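In: sequence? don't have it. structure:
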């Protein structure tokens, strides 16, 4: 959700720094169209005609009529190119170059907004060409910015980072503070894509805000402020998230663009949801969905409806939530294969609803069982009293009989209590599984979205650039494997049949084997055969597996290892997991390394289930990650 909104707002705020108009055409646009019609009628193509089209394209940028930009810009660009090529004077060439620079900029923005990234990239490259001819520092920096955005959307983060660096370098020498601020925001987004330390992401966002405020660009400042709030929300620092979300709340609600308002409502809604305030979360989600509906943007509808369904489910509205989740996928059906995603979400929601029903039934049966036992006990006592009055000689017999039945009742009551305790444990385990499945679902949704975008991109490239299309297809294959792994992980996480030592050991061994097989790095798996199988909590098996997953990812990504060894053993419920490599190693005292690569998260996960995590490494001597604890 965070990266989706950033993609929309960064490119839009680069193009427009003024207040947004409504979706209807402005009066200015109508006047400009009248001038253009007059020139067409008289078959007159001069500088007035071209400049009028340029102004009209800028008006269409403001009201987000990007298809209209294509209608007016595409026919006139070849005409201006021809005039530029045949111009006799230096002054004329300079004029036509300025016109072409503006037209290509508008064309690139329009192509970007309709997700035609290859053609958008080509338009911005022409924009850069004329900016260099005119030696316009601000436009050169702006063009580098736009080119970087397109490379990011096409999955080439390294190229995007190169062009972003060029944009920052050249804009620091210019006068356009807003464009420099947007370059800083773009840098923070790229760092987030690269899983960089949070401090670095916040650093560039705060620099961007300072520049925007200095330049009086409140809309851009508000957007970047929400970036920071989203970052804090993502790392579960709720206090900081709330502080940053409320910094620009009054401005956004009064004067902010619809996208900004939807984003603020979504952040506040998820914040309240994670804090347990489900009713308040539902209110924010409903407002966001209403604004998204007015915009008609399928991407906005998809994301807002998804969180609205979750809020409805949490507030005991399962049927309404199911309708909303179907709307969410209907809104996005043109851009992605929604059938599988909708099925997965529907299954998850139905499981949650079924569990809620079971919990309610459990509470009812619990009270009913206690009442029945209490009534039975009172009946026995009353019978004993009556029997004592009727026959004193029968007292001994009746007492003996009563004692036996009381014992049976007590045993039944004790058995019922034990069953209730066991059911309560199972309910807690189910809650853990639902939480795990929700986390993996977010990762799965992200992967499916990337596959969809790359698929769309590949279809466009097949005819015009087969080699580039092949690269996109390879990326689709990579992301598909990730999605398949996530689906497999969901099945394993939510199935109580795998809540055993054997289930954990087999899954970790299978995952490590498949993961390392694709890397080409030699590896050894030392997993002892499980002879004494026993149940373990879903939280324990999930956290131990995630430590293995993170450690393997770090070894493959950073260690340059020639061999990796994984060992797992359990003696008397005490487990030991060791991931060892012979790579380049690192200094465990270096804060720039230990702050990233998930080392802190691994330690927290093991400590959360009562264990300890030791990391031993030094430069040139490989690294060892050792987790120990008691399985419960």
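Out: Ah, there it is. The structure presented is a predicted model; accordingly, all values stated were derived computationally and were not measured.
In: Give me the nearest residue to residue 204, chain neighbours excluded.
Out: Closest residue to residue 204 apart from its sequence neighbours, by C-beta to C-beta, 6 or more residues apart in numbering: residue 188 at 4.0 Å. Just so you know, the C-beta spots here come from the backbone N, C-alpha and C atoms, and that holds for glycine as well.
In: can you check residue 559 too?
Out: residue 583 (2.7 Å).
In: show me the contacts for the one you found.
Out: 555, 558, 559, 560, 561, 562, 622, 623 (C-beta atoms under 8 Å, 6 or more residues apart in numbering).
In: Using PyMOL, make a named selection holding only the buried ones among those.
Out: Filtering the contacts of residue 583 down to the buried ones (16 or more other C-beta atoms under 10 Å) takes a single PyMOL command:
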select buried, resi 555+558+559+561+622+623
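In: now, among the contacts of residue 583, which is nearest to residue 122?
Out: residue 558 (36.1 Å; C-beta to C-beta).
In: and that closest one, that's in a helix?
Out: Yes - when DSSP: H, G, I helix; E, B strand; the rest coil is applied, residue 558 is found to be in a helix.
In: Give me the pLDDT value at it.
Out: On the pLDDT scale, residue 558 is placed at 90.
In: what does the one 4 residues further on give?
Out: The predicted local confidence for residue 562 comes out at a pLDDT of 94.
In: neighbours around residue 464, how many?
Out: 10 (other C-beta atoms under 10 Å).
In: any idea how far the closest residue to it other than its chain neighbours is from residue 318?
Out: Of all residues beyond its chain neighbours, the one nearest residue 464 is residue 118 (7.5 Å), with distances taken as C-beta to C-beta, 6+ apart. Distance of residue 118 to residue 318, computed by C-beta to C-beta, to the nearest Å: 44 Å.
In: Can you give me the neighbour number for the residue nearest to residue 204?
Out: So residue 188, with other C-beta under 10 Å, has 25 neighbours.
In: Could you find the closest non-adjacent residue to residue 74?
Out: Nearest to residue 74 is residue 107, by C-beta to C-beta, 6+ apart, at 7.2 Å.
In: do you know how far that neighbour is from residue 365?
Out: Residue 107 sits 67 Å away from residue 365, taking C-beta to C-beta as the criterion.
In: who has more neighbours, the two?
Out: residue 107 (25 against 14).
In: Phi and psi next, for the more buried one.
Out: phi -60, psi -40 (degrees, to the nearest 10).
In: Touching, it and residue 80? I think so.
Out: No - the criterion here is C-beta atoms under 8 Å, and residue 107 misses it with residue 80 at 11.8 Å.
In: related to what we said a few turns ago, report the buried residues of whichever strand or helix holds the residue nearest to residue 204.
Out: Take DSSP states H and E as the rule and residue 188 turns out to sit in helix 177-193. For helix 177-193, a neighbour-count test (16+ other C-beta under 10 Å) marks 177-192 as buried.
In: cool, and stretch 599-607?
Out: Buried residues in stretch 599-607, counted by 16+ other C-beta under 10 Å: 599, 602, 603, 605, 606.
In: State the mean pLDDT of that stretch.
Out: Stretch 599-607 comes out at a mean pLDDT of 90.
In: So what touches it?
Out: Stretch 599-607 is contacted by residues 543-544, 546-547, 550-551, 554, 593-594, 612-613, 615, 625, 627, 629 when judged by C-beta under 8 Å, 6+ apart.
In: which one of these has the most neighbours?
Out: Ranked by neighbours (other C-beta under 10 Å), the contacts of stretch 599-607 are led by residue 551, which has 29 neighbours.
In: Burial check on the residue nearest to that one when sequence neighbours are not counted, number of neighbours?
Out: Spatial nearest neighbour of residue 551, chain neighbours left out: residue 579 (4.1 Å); criterion: C-beta to C-beta, 6+ apart. If you count neighbours by other C-beta under 10 Å, residue 579 ends up with 24.
In: Quick check: neighbours of the helix or strand that contains residue 579 in the sheet, parallel or antiparallel?
Out: According to DSSP H and E, residue 579 maps onto strand 574-581. Counting by DSSP bridges, the strands paired with strand 574-581 are strand 564-571 (antiparallel), strand 623-630 (antiparallel).
In: Redo those strands as TSV? Include distance to residue 215.
Out: Rendered in TSV, the data for those read as follows (distance: least, C-beta to C-beta, whole Å):
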stretch	distance to residue 215
strand 564-571	51
strand 623-630	47
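In: ok, for residue 278, nearest residue in space, not its chain neighbours?
Out: Residue 278's closest residue in space is residue 314 (C-beta to C-beta, 6+ apart), at 4.1 Å.
In: picking that back up, now for the contacts of stretch 599-607, which pair is the farthest apart?
Out: Across the contacts of stretch 599-607, the longest distance by C-beta to C-beta is 24.8 Å; it joins 593 and 629.
In: Pull the contacting residues for residue 505.
Out: By C-beta under 8 Å, 6+ apart, the neighbours of residue 505 are 527, 528, 530, 568, 570.
In: ok, the residues you listed vs residue 92, which is closest?
Out: Closest to residue 92, out of all of the contacts of residue 505 and judged by C-beta to C-beta, is residue 568, at 75.8 Å.
In: The closest one reaches residue 526, doesn't it?
Out: Yes - contact criterion C-beta under 8 Å: residue 568 and residue 526 qualify, at 7.2 Å.
In: who has more neighbours, the two?
Out: Between residue 568 and residue 526, counting by other C-beta under 10 Å, residue 568 is the more crowded of the two (21 against 11).
In: can you tell me which residues contact that one?
Out: Residue 568 makes contacts with 505, 508, 509, 526, 527, 528, 575, 576, 577, 578, as judged by C-beta under 8 Å, 6+ apart.
In: Please name the residues that touch the closest residue to the last one other than its chain neighbours.
Out: For residue 578, the nearest residue in space outside its immediate sequence neighbours is residue 567; the separation is 4.5 Å by C-beta to C-beta, 6+ apart. Under the criterion of C-beta under 8 Å, 6+ apart, the contact list for residue 567 reads 526, 527, 576, 577, 578, 580.
In: which pair in those residues spans the largest distance?
Out: 527 and 580 (14.2 Å).
In: So for the two, which sits in the more crowded spot?
Out: Using other C-beta under 10 Å as the criterion, residue 527 and residue 580 rank with residue 580 on top: 20 against 17.
In: which residues does the more buried one bridge with?
Out: residue 565, residue 624.
In: Now do the same contact list for it.
Out: Neighbours of residue 580 in contact, by C-beta under 8 Å, 6+ apart: 564, 565, 566, 567, 622, 623, 624, 625.
In: And for residue 588?
Out: 594, 615, 616, 617, 618.
In: so can I have a markdown table of the contacts of residue 567 showing pLDDT?
Out: Putting those into a markdown table (pLDDT from 0 to 100) gives the following:
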| residue | pLDDT |
| --- | --- |
| 526 | 95 |
| 527 | 94 |
| 576 | 96 |
| 577 | 96 |
| 578 | 97 |
| 580 | 96 |
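In: Residue 171: which of those residues is nearest?
Out: Nearest to residue 171 among these is residue 580, at 46.6 Å by C-beta to C-beta.
In: Can you tell me how far residue 592 is from residue 54?
Out: 48 Å.
In: same thing with residue 615?
Out: For residue 615, the distance to residue 54 - C-beta to C-beta - is 59 Å.
In: now residue 221
Out: According to C-beta to C-beta, residue 221 and residue 54 sit 28 Å apart.
In: Touching, the residue nearest to residue 204 and residue 230? I think so.
Out: No - contact status for residue 188 versus residue 230: not in contact, 10.9 Å apart, counting by C-beta under 8 Å.
In: Quick check: phi and psi on residue 610?
Out: phi 80, psi 20.
In: and if you look at residue 276?
Out: phi 90, psi 0.
In: so what's it scoring on pLDDT?
Out: So, for residue 276, pLDDT stands at 85.
In: Quick one: low-confidence residue ranges for the stretch 251-400 of the chain.
Out: Confidence mapping of the stretch 251-400 of the chain against pLDDT under 70 gives the ranges 296-297, 299, 330-364, 366-367, 385, 388, 391, 393, 396, 399.
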